[in-house]
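Colleague: everything below, folded, please.
(one chain, ligands or ions: 2)
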Amino acid sequence: MSGAQAPDALRSLVESRIRDVQDFPTPGILFKDIGPLLADPEAFAAIVADGARRHTGRVDFVAGIEARGFIFGAGLAHAMGVGFIPVRKAGKLPGPTVEVSYDLEYGQARIAVQEGAVAPGSRIVVVDDVLATGGTAAAACALLELVGAEIVGLDVVMELAALGGRSALVGREVYSLTVA
Ligand SMILES: O=P(O)(O)OC[C@H]1O[C@H](OP(=O)(O)OP(=O)(O)O)[C@H](O)[C@@H]1O
Ligand SMILES: Nc1ncnc2[nH]cnc12
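Modeller: Ligands and ions are numbered 1, 2, ... in the order given. Okay, the predicted model is just below:
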């Protein structure tokens with residue numbers, strides 16, 4: 001199932017604050033740089049407020065995906081007064097973890113969450129900046145489910161539709177502020 005539509009004014013604001021960088025991090029990739037968005041406090045606040053409006057009262061935690069998902073996810077968790085769960089690159093978290101490898105638009109990665117990070121049945125919204133192939137988000141949702149979470153949905157700032165990320169997330173609620 002797909003999520004609701006973002007308000008038009010917020011979508012326009014966000015689109016105006018994302019910069020295209022050709023050939024980063026490797027030749028042939030058109031990189032979506034959220035630097036200008038993060039530098040605009042009104043745009044950042046509007047993104048957080050939009051997430052809080054949709055999720056307050058329906059989630060117990062926000063999970064953010066390293067690295068850029070930490071920024072938006074932590075802001076949202078703070079705004080809603082709930083805890084934040086980091087989904088990290090493998091090798092960064094202490095203690096027992098659950099890990100999985102996956103393919104990216106420009107390489108491969110391995111992510112991890114801590115065993116015991118959440119009480120079984122905890123409702124979690126997963127947050128990231130970009131949904132591209134969907135490999136990262138699908139892996140993060142699967143990991144969180146393995147440690148007992150119930151995934152309420154995935155929120156991203158930008159979806160790169162041509163890379164088909166939603167097909168990796170069939171059956172999940174996916175909300176994107178902008179679609180490129
Ligand atoms: O949908 P996918 O094809 O999986 O790609 C999306 C992921 O790629 C980027 O992260 P990256 O792995 O580059 O890490 P970073 O945020 O640490 O730069 C982005 O922030 C998403 O997490
Ligand atoms: N083209 C892209 N721009 C920014 N982040 C990404 N993550 C995966 N593909 C990306």
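Colleague: tell me who's in contact with the most centrally placed residue in the chain.
Modeller: For the chain, Asp128 is the residue whose C-alpha lies nearest the centre (CA atoms, centre = their mean; 1.8 Å). Asp128 sits next to 64-65, 68-69, 72-73, 136-137, 140, 154-157 when contact means CB atoms under 8 Å, 6 or more residues apart in numbering. Every residue, glycine included, has its C-beta placed from N, CA and C.
Colleague: now Phe44
Modeller: Contacts of Phe44 (CB under 8 Å, 6+ apart): 37-38, 75.
Colleague: what about it, helix or strand, and which?
Modeller: Using DSSP states H and E, Phe44 sits within helix 41-55.
Colleague: what's the answer for Gln108, then?
Modeller: Judged by DSSP H and E, Gln108 forms part of strand 107-114.
Colleague: and the contacts of that strand?
Modeller: Taking CB under 8 Å, 6+ apart as the rule, strand 107-114 contacts 26, 63, 65-66, 85-102, 136, 139-140, 143-144, 146-147.
Colleague: of the residues you listed, just the buried ones, ChimeraX syntax please.
Modeller: Entered in ChimeraX, the line below selects the buried ones among those, by 16 or more other CB atoms under 10 Å:
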select :63,65,66,85,86,87,88,93,97,98,99,100,102,136,139,140,143,144,147
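Colleague: so where is this protein shaky, pLDDT-wise?
Modeller: 1-3 (pLDDT under 70).
Colleague: what does it put close to ligand 1?
Modeller: 65-69, 104-105, 109, 128-137, 165 (CB under 6 Å from any ligand atom).
Colleague: one more pass at 5 Å, please.
Modeller: Within reach of ligand 1 by CB under 5 Å from any ligand atom, the chain has these residues: 65, 67-68, 104-105, 128-130, 132-136.
Colleague: now these as TSV including secondary structure and distance to ligand 2?
Modeller: TSV is the format used below for the residues of the chain next to ligand 1 (DSSP: H, G, I helix; E, B strand; the rest coil; distance: CB to the nearest ligand atom, whole Å):
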residue	secondary structure	distance to ligand 2
Ile65	strand	10
Ala67	coil	11
Arg68	helix	8
Leu104	strand	6
Glu105	coil	4
Asp128	strand	9
Asp129	strand	7
Val130	strand	4
Ala132	coil	4
Thr133	coil	7
Gly134	coil	10
Gly135	helix	9
Thr136	helix	8
